[in-house]
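> pasting the structure only:
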């Protein structure tokens, strides 16, 4: 749970408005704030078709050169450690073609359920990535980024972040979520090939 608190604290620091109390409902009973997913509002995750352990995986080797080309990621991958995910091995890749950035983080200290906890304060919607259960995660107040989280193994998940890298014409969040889904599908395909 320590990792969950670190992730939630990081999200709150990045999107402070999302961590403040919700405003009152309008006169007609509606709220202008997005619905925040919690463990009680999202059905349980479906079972995984298998286990893709991330312990000994190089995050910059998950996507092949051909996959990076298909995703328009033309800059060399750059490895680092993502402290907000319990010092997860991570890799970031940038596209000079689209201006977007993809980050893969291999989280091995916490399961995907951290995103379903009511303290996460995110909009998490179920998706499927090459047969593996996942979540498309939008953080209120952060419309320049979208994450797809993939439940790859017990107590582990693949975090795929897709963000606008400062384009002149700002990408819509729906477009970013589509990019995150495509990158997640390529990453899971890469992990499956490593078996």
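Received it, and whenever you're ready, just let me know what you need. Treat the numbers as computed from the prediction; the structure is a model and nothing was measured.

> Report pLDDT for the residue lying closest to residue 167 once chain neighbours are set aside.
Spatially, and ignoring its direct neighbours in sequence, residue 167 is nearest to residue 99 (4.0 Å; Cβ to Cβ, 6 or more residues apart in numbering). Backbone N, C-alpha and C define where each C-beta goes, glycine included. Residue 99 is assigned 86 on the pLDDT scale.

> Could you check how many residues crowd around residue 99?
16 (other Cβ atoms under 10 Å).

> The chain should start at 22 in everything you say after this.
Sounds good: first residue 22 from here, last item residue 120.

> Quick check: it touching residue 184?
No - the pair residue 120 / residue 184 is not scored as a contact, 10.0 Å apart, by Cβ atoms under 8 Å.

> rewinding a little: distance of the residue nearest to residue 188 relative to residue 79?
26 Å (Cβ to Cβ, to the nearest Å).

> do residue 208 as well
Applying Cβ to Cβ to residue 208 and residue 79 gives a distance of 12 Å.

> So for these two, which sits in the more crowded spot?
Counting neighbours by other Cβ under 10 Å for residue 208 and for residue 79 shows that residue 208 has the greater number, 28 against 12.

> Next up, the contacts around that one.
83-84, 125, 171, 179, 181 (Cβ atoms under 8 Å, 6 or more residues apart in numbering).

> gap between the top helix by length along the chain and the chain center?
Using DSSP state H, we find that the single longest helix of the chain is helix 194-214. Centroid separation between helix 194-214 and its chain, computed with Cα atoms, centre = their mean, to the nearest Å, is 10 Å.

> secondary structure element for residue 148?
Using DSSP states H and E, the element containing residue 148 is strand 144-150.

> any idea of the mean pLDDT for the following helix or strand past that strand?
The first helix or strand that comes after strand 144-150 along the chain, using DSSP H and E, is strand 153-159. Average pLDDT, strand 153-159: 97.

> tell me the angle strand 153-159 makes with strand 144-150.
Relative orientation of strand 153-159 versus strand 144-150 (axes from the mean of the first three to the mean of the last three Cα atoms, to 10 degrees): 150 degrees.

> from the chain's centre, how far out does strand 153-159 sit?
7 Å.

> From the rest of the structure, what touches it?
Contacts for strand 153-159 (Cβ under 8 Å, 6+ apart): 55, 66-70, 73, 133, 136-137, 143-149, 167-173, 194, 198, 201-202, 205, 209.

> Fine by me, thanks again.
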